[in-house]
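Visitor: what's the 3D shape of this:
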Amino acid sequence: MTSPSETLSTFSWQARIRGWIPAFLISFLISLTIVSPFFWLGTATGHDFQYHAASWLDAAGQWKEGVVYPRWTEWANYGFGEPRFIFYPPNSWMLGAALGTILQWHRVPMVFILLVQTFGGLSAFALARRILPNKAALFCAVCYAANPYALLIVYMRSDFAELLANAFFPLLFIAAFQICDVLGSRQPLCGAALRRAAAGFALAFALIWLSNAPAGVIASYSSAILFGFVAFRRKAWQPLLYGTAGLALGFCLCGFYLLPAAYEQRWVNIAQALSAGLLPSENFLYTVINDPEHTLFNWIASTIAVLLMLLTGLAALRAHRKEPQQESALAERVWLPLLLLVAMATLLMLRLSSPLWQVLPKLRFVQFPWRWMSLLCVPFAVFLGSAMARRRGWIWAVVTFALLGGTAAVLVHTGWWDTQDLPALRVAIADGSGFDGTDEYDPAGDDHTNLPTKSPEALVMDTDSIPGPNSRPTIRVDRWSPEEKEVSVSAREPFFLGLRLLNYPAWRAEVNGAVVTPRGGDDYNQMIVPVPAGESHIRVRFVRTWDRTLGGVLTLLGAATVIGILGTSRRRPA
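Guide: This is a model prediction of the structure:
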């Protein structure tokens, strides 16, 4: 016989499921509308498209060769490679590679966007349904799935990693607001509930960092400011204590990525990430530099940022105004923290914040101040949802749809559309020619602009020291995989063997089982191995460095802590 409590629990669960179905359908339809131009215009190939597409193809190729978690990008720098996967967060390129293994490659960008924006709408709904009526929460999901900054990324930037990171921001602030106890709970949260909130915050925080590093920096600063503000305003230590614990636990969870990326920066030309055109001082709103194309895009991004600010500000005023004989649709305790996030994002996009960009640690690696729109989009969607739920809310809905539709139409018309970029990259990998490398991931001491576009896997470097054609060494490549190269050599005289590989400290070279120190070339830092006379076997392996091992240990400790918190916590009985 079923007890009344079991019946009530079953009914509650079914009600929750029914509540999510409209949110999923609406988010999916909005996302499908966003990608609909891909069906007849081809693929939107924005600034970062080739970079991400090349990463997907390279990672998928390494999976086929048994490399589960790639670290070295095999086909970058025309086959000489680069340590891109050490420094670039894994979520986006692993998702793209996974889609490419089950779909036709030309469909991957479209499906990637469809999945991410649908999830973004659902995560916004999860936040809004805690503070807004159901209809308003659904409208919030629409506004977030089709927010203007997401449209800019989809049609003009093609930064798939940042798009993925932005989908997790509403989940981050659900947990942050739970830690701050601003979601309107009837009683103060107990220690177990705060620990669960801190663990949930750590998971969302880690997912953002593992998707996009600039978004991770934005999440770090915005969360720290939020926790500090609420603690100061309430004169309570719990938000700051549990918020700090959540931040620390989140960093532990992504230690397998963050620690190697931080330590091994000394092994690459990481300063190139802040080269000309990428400096924050050149990307504040409406900045003009001596590059017409850069200036045009900056003005487009700036106009979208101003549109977001205006709509968010007006909707916030409407959300804060109480209707006669009716409670405010947006709780007072949530309104002020959201407004703080709006002010923070707005300030850091303006030139007057330039001193902050100079002194705050790692903030300059956000590169583009208009990237703070990713934070602004959360209160944008929530405030619009609240405004729509008020009297004459249909006016807000009509205005919002008109502005979002107009923005999308302009960006579709302005963006670049192509169908040949992905096929060209696939051909370049298939014929062994590879693709361009990345400035900031180029190993230290190398100038990848001097690399030859066509080079054999192994060749004799000191040809002048070979007496004659009959004395030339015999070279046979036995194995050439992404993380292991083996070459057999027969030579009458000692010589230097050049490999189609860039010098990087994680590569270990062995000649006949003995570890040797390779040297670099004159024009570029190619790996050149000294080989003795006679029969020799050269083996070069990409080995695990201590920072990767320690980073993995930190991630395991963080995961065990989260599992322990979520597994041992018990909800109080109703």
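Visitor: and the pLDDT at L95?
Guide: Looking at L95, its pLDDT stands at 98.
Visitor: for it, identify the helix or strand it belongs to.
Guide: Secondary structure from DSSP states H and E places L95 in helix 90-102.
Visitor: mind giving me the packing neighbours of the following helix or strand past that helix?
Guide: Later in the chain than helix 90-102, the nearest helix or strand by DSSP H and E is helix 108-128. If you count contacts as 3 or more Cβ pairs under 8 Å, 6 or more residues apart in numbering; DSSP states H and E, helix 108-128 packs onto helix 4-35, strand 43-44, helix 49-64, helix 90-102, helix 134-145, helix 160-166, helix 169-180, helix 373-388. No exception for glycine: its C-beta is placed from N, CA and C like everyone else's.
Visitor: looking at these, which is nearest to P518?
Guide: When these are compared by Cβ to Cβ, helix 49-64 sits nearest P518, at 22.8 Å.
Visitor: and that closest one with helix 90-102, angle?
Guide: 70 degrees (axes from the mean of the first three to the mean of the last three Cα atoms, to 10 degrees).
Visitor: now helix 49-64 - C-alpha only, PDB.
Guide: Output of helix 49-64 as PDB, limited to C-alpha atoms (Å, rounded to 0.1, in the frame of the first residue of the first chain):
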ATOM      1  CA  PHE A  49      36.500  29.300 -36.400                       C
ATOM      2  CA  GLN A  50      39.600  27.800 -37.900                       C
ATOM      3  CA  TYR A  51      41.300  27.500 -34.500                       C
ATOM      4  CA  HIS A  52      38.400  25.600 -33.000                       C
ATOM      5  CA  ALA A  53      37.700  23.400 -36.000                       C
ATOM      6  CA  ALA A  54      41.400  22.500 -36.200                       C
ATOM      7  CA  SER A  55      41.400  21.500 -32.500                       C
ATOM      8  CA  TRP A  56      38.300  19.300 -33.000                       C
ATOM      9  CA  LEU A  57      39.800  17.500 -36.000                       C
ATOM     10  CA  ASP A  58      43.200  17.000 -34.300                       C
ATOM     11  CA  ALA A  59      41.700  15.700 -31.100                       C
ATOM     12  CA  ALA A  60      39.300  13.300 -33.000                       C
ATOM     13  CA  GLY A  61      42.300  12.000 -34.900                       C
ATOM     14  CA  GLN A  62      44.300  11.300 -31.800                       C
ATOM     15  CA  TRP A  63      41.400   9.500 -30.200                       C
ATOM     16  CA  LYS A  64      41.500   7.100 -33.200                       C
END
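Visitor: in terms of secondary structure, what does it contact?
Guide: Identification of packing neighbours for helix 49-64 by 3+ Cβ pairs under 8 Å, 6+ apart yields helix 84-87, helix 90-102, helix 108-128, helix 421-430.
Visitor: can you do 6 Å?
Guide: Helices and strands touching helix 49-64, by 3 or more Cβ pairs under 6 Å, 6 or more residues apart in numbering; DSSP states H and E, are helix 90-102, helix 421-430.
Visitor: please work out which residues outside it touch it.
Guide: 70, 73-75, 93, 96-97, 100-101, 158, 160, 421-422, 425, 429, 435, 482 (Cβ atoms under 6 Å, 6 or more residues apart in numbering).
Visitor: same check on stretch 238-247?
Guide: 179-180, 194, 198, 201-202, 227, 230-231.
Visitor: dump the helices and strands packed on helix 108-128 to CSV, plus mean neighbour count and distance to R351.
Guide: Supplementary listing: the helices and strands packed on helix 108-128 in CSV, determined by neighbours: other Cβ atoms under 10 Å; distance: least, Cβ to Cβ, whole Å:
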stretch, mean neighbour count, distance to R351
helix 4-35, 14, 32
strand 43-44, 23, 30
helix 49-64, 22, 28
helix 90-102, 20, 30
helix 134-145, 25, 28
helix 160-166, 27, 22
helix 169-180, 25, 25
helix 373-388, 28, 16
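Visitor: let me have these in a markdown table, extended by distance to G551.
Guide: Output for the helices and strands packed on helix 108-128, formatted as a markdown table (distance: least, Cβ to Cβ, whole Å):
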| stretch | distance to G551 |
| --- | --- |
| helix 4-35 | 34 |
| strand 43-44 | 35 |
| helix 49-64 | 19 |
| helix 90-102 | 12 |
| helix 134-145 | 32 |
| helix 160-166 | 19 |
| helix 169-180 | 22 |
| helix 373-388 | 26 |
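Visitor: now name the helix or strand holding V182.
Guide: Assigned by DSSP H and E, V182 falls within no helix or strand.
Visitor: quick check: closest non-adjacent residue to it.
Guide: R333 (4.1 Å; Cβ to Cβ, 6 or more residues apart in numbering).
Visitor: and after the helix or strand the one you found falls within, which helix or strand comes next?
Guide: Using DSSP H and E, R333 sits within helix 332-348. Downstream of helix 332-348, the next assigned helix or strand under DSSP H and E is helix 354-359.
Visitor: that following helix - what's its average pLDDT?
Guide: Rounded mean pLDDT across helix 354-359 is 95.
Visitor: tell me what that helix is packed against?
Guide: Helix 354-359 packs on no helix or strand, going by 3+ Cβ pairs under 6 Å, 6+ apart.
Visitor: how far does it sit from the chain's center?
Guide: 23 Å (Cα atoms, centre = their mean, to the nearest Å).
Visitor: the helices in the stretch 401-550 of the chain, which residues?
Guide: Using DSSP state H, counting those that start in this stretch, the helices assigned to the stretch 401-550 of the chain run over residues 421-430, 546-568.
Visitor: keeping just the C-alphas, turn the first one into PDB.
Guide: If I follow you right, that is helix 421-430. Provided in PDB are the C-alpha atoms of helix 421-430 (Å, rounded to 0.1, in the frame of the first residue of the first chain):
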ATOM      1  CA  ASP A 421      37.000  25.900 -44.200                       C
ATOM      2  CA  LEU A 422      36.300  22.500 -42.600                       C
ATOM      3  CA  PRO A 423      36.900  20.500 -45.800                       C
ATOM      4  CA  ALA A 424      40.200  22.400 -46.300                       C
ATOM      5  CA  LEU A 425      41.400  21.600 -42.800                       C
ATOM      6  CA  ARG A 426      40.500  17.900 -43.300                       C
ATOM      7  CA  VAL A 427      42.400  17.800 -46.600                       C
ATOM      8  CA  ALA A 428      45.400  19.500 -44.900                       C
ATOM      9  CA  ILE A 429      45.500  16.800 -42.200                       C
ATOM     10  CA  ALA A 430      44.900  14.000 -44.600                       C
END
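Visitor: mind listing what's buried in it?
Guide: 421-422, 425-426, 428-429 (16 or more other Cβ atoms under 10 Å).
Visitor: outside of that helix, which residues touch it?
Guide: Contacts for helix 421-430 (Cβ under 6 Å, 6+ apart): 45, 50, 53-54, 57, 75, 105-106, 435.
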